[in-house]
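Colleague: no sequence for this one, just the structure:
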């Protein structure tokens, strides 16, 4: 099998059959895009390297455990893993910074939330996110793209403009109209989008 022209599904199957070069081909195919995305979020090369490696450790573990569900969206799945690892890093960093700035006059227990969100809060939040994603489908394609890149991928308007090959003002305008249209849809359908 020619690894360079093989599909991602074939490369994954080949890797699981013991051909480690297939995994290297998959990594090489997506490494620049994935690393750029991680670096854009963390703005630190060493940290980006660490998260990049952690991402592929998770990918390997998931593939080997048979839990990967191939829907033809390998890179989106890998990007989501990286995104979650970045979020985890910042959560740990926030907790670490909080402990370092200890003030003996303030009780830690007055400022830390001691419980995770309840199942009900989690379900409501999940439903709101699902509803918002559903609302995006009612937007024109260019507005949907800008909103997705800004809110879900976290790109700056400069990066969005470069990626969509439009001016920054056009990207900003599309975002503005997307928000206006979303508000109209929410009001017309009398939706509640808060916990």
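Modeller: Nice, thanks for sending it over. These figures come from a predicted structure and were not determined experimentally. Residues are numbered from 1 along each chain as shown.

Colleague: out of all of them, which helix in this protein is the longest?
Modeller: Secondary structure assigned by DSSP state H gives helix 74-100 as the longest helix of the chain.

Colleague: That helix packs against which elements?
Modeller: For helix 74-100, the elements it packs on are helix 8-16, helix 20-42, helix 45-65, judged by 3 or more CB pairs under 8 Å, 6 or more residues apart in numbering; DSSP states H and E. For glycine as for every other residue, the C-beta is placed from the backbone atoms N, C-alpha and C.

Colleague: and the angle for the longest one with helix 8-16?
Modeller: Right, helix 20-42. Interaxial angle of helix 20-42 relative to helix 8-16 (axes from the mean of the first three to the mean of the last three CA atoms, to 10 degrees): 120 degrees.

Colleague: quick revisit: what would the helices and strands packed on helix 74-100 look like in CSV with distance to residue 78 and mean neighbour count?
Modeller: Converted to CSV, these look like this (distance: least, CB to CB, whole Å; neighbours: other CB atoms under 10 Å):
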stretch, distance to residue 78, mean neighbour count
helix 8-16, 10, 17
helix 20-42, 6, 16
helix 45-65, 6, 15
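
Colleague: Looking at those helices, spot the one closest to residue 140.
Modeller: helix 20-42 (25.3 Å; CB to CB).

Colleague: about what we covered before: for residue 73, which of the helices and strands packed on helix 74-100 is the nearest?
Modeller: Among the helices and strands packed on helix 74-100, helix 8-16 sits nearest to residue 73 (CB to CB), with 9.1 Å.

Colleague: List the contacts of the closest one.
Modeller: Residues outside helix 8-16 that contact it (CB atoms under 8 Å, 6 or more residues apart in numbering): 1, 3, 6, 22-23, 25-26, 29, 63-64, 68, 70, 72, 74-75.

Colleague: do the same with stretch 67-84
Modeller: 8-9, 12, 26, 30, 33-34, 37-38, 41, 51-52, 55-56, 58-59, 62.

Colleague: rerun at 10 Å
Modeller: The contact list for stretch 67-84, computed with CB atoms under 10 Å, 6 or more residues apart in numbering, reads 7-9, 11-13, 16, 26-27, 29-30, 33-35, 37-38, 41, 48, 51-52, 54-59, 61-63, 152-154.

Colleague: and after the helix or strand of the chain with the lowest mean pLDDT, which helix or strand comes next?
Modeller: Lowest mean confidence among the helices and strands of the chain (mean pLDDT, DSSP states H and E): helix 108-111, at a mean of 47. The helix or strand immediately downstream of helix 108-111 is helix 119-136, counting by DSSP states H and E.

Colleague: Please work out the average pLDDT along that following helix.
Modeller: Confidence over helix 119-136 (mean pLDDT, whole number) is 73.

Colleague: No more questions from me, cheers.
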